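Colleague: next comes the sequence, and after it the predicted model I'd like to discuss.
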Amino acid sequence: MDIDEIMAADPAADDLLVLVDALDRERGTATKARAHIDGLLHRAFSVVLVRDGSEGPEILLAKRSMLKYHSGGLWANSCCSHPRAGEELLDAAYQRVHEELGCEAEGLREIGSFAYRAVFDNGLCEHEYDHVLVGRALGTIDPAPEEASEVRWIGADELASELADKPEIFSAWAPMVFSLVLKSL
């Protein structure tokens, strides 16, 4: 499957994303397809839903669907996406949690941000200025199959161990996202 076929399978490929510079200042727009084919730095967000567990905070992980255009089958944060041009970051995050996980988010707050670049075997590139948001889930979690093949709650200590011992089961951005989250708990 070539890049055009991969992106044609993504219904959001024509969404206009916000291009930014290294300080997250807007520099224009590009389609999602163009941003990922050309590796253009664009605004993104990673939502991490947490809950109180019997032994401390628990974090909701999502295993990316094999239908995703990259990183299918890898564990990542609860929800990740991009605000579209003209869309506020928090509004986009609340909407995408509902679309991807079938539940509502509550109390999302930004705990940090970072920029990263990752090139995948299929030639696509994630070059993102990623805002990390933490909040709680409301309602039953029922992931959209095109987004996540499964979800699981994990304790902070167990997540830290898995990140250290099995980094290959996580997406490229997961260690940076979870480093911020684990420090904030």
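Modeller: On my side now, so go ahead.

Colleague: ranges for the helices of the chain?
Modeller: 3-8, 32-38, 89-101, 156-165, 174-184 (DSSP state H).

Colleague: what residues sit buried inside the last one?
Modeller: It stands for helix 174-184. Buried residues in helix 174-184, defined by neighbour count with 16 or more other C-beta atoms under 10 Å: 174, 176-178, 180-182. Every residue, glycine included, has its C-beta placed from N, CA and C.

Colleague: turn those residues into JSON lines, including pLDDT.
Modeller: Formatted as JSON lines, the buried residues of helix 174-184 follow (pLDDT from 0 to 100):
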{"residue": "174", "pLDDT": "97"}
{"residue": "176", "pLDDT": "97"}
{"residue": "177", "pLDDT": "98"}
{"residue": "178", "pLDDT": "98"}
{"residue": "180", "pLDDT": "98"}
{"residue": "181", "pLDDT": "97"}
{"residue": "182", "pLDDT": "96"}
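
Colleague: can you redo those residues as a markdown table with distance to residue 35?
Modeller: Listed next are the buried residues of helix 174-184 as a markdown table, based on distance: C-beta to C-beta, whole Å:
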| residue | distance to residue 35 |
| --- | --- |
| 174 | 20 |
| 176 | 19 |
| 177 | 19 |
| 178 | 24 |
| 180 | 23 |
| 181 | 25 |
| 182 | 29 |
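
Colleague: residue 81: which of these is nearest?
Modeller: residue 177 (13.1 Å; C-beta to C-beta).

Colleague: looking at the buried residues of helix 174-184, which is nearest residue 155?
Modeller: Once C-beta to C-beta is applied, the member of these that ends up nearest residue 155 is residue 182, at 10.7 Å.

Colleague: what's the distance between the closest one and residue 123?
Modeller: 32 Å (C-beta to C-beta, to the nearest Å).

Colleague: how about the contacts made by residue 136?
Modeller: 49-51, 105-107 (C-beta atoms under 8 Å, 6 or more residues apart in numbering).

Colleague: which strand is the longest one in this structure?
Modeller: Using DSSP state E, we find that the single longest strand of the chain is strand 104-119.

Colleague: next one: it to chain centre, how far?
Modeller: 7 Å (C-alpha atoms, centre = their mean, to the nearest Å).

Colleague: partner residues bridging the residue nearest to the spatial centre of the chain?
Modeller: Nearest residue to the geometric centre of the chain (C-alpha atoms, centre = their mean): residue 80, 2.1 Å. When bridges are called by DSSP bridges, residue 80 pairs up with residue 46.

Colleague: check the gap between it and residue 28 for me.
Modeller: From residue 80 to residue 28 the distance is 22 Å (C-beta to C-beta).

Colleague: for residue 62, same thing?
Modeller: 30 Å.

Colleague: so where is this protein shaky, pLDDT-wise?
Modeller: Scanning the chain for pLDDT under 70 picks out 1-9.
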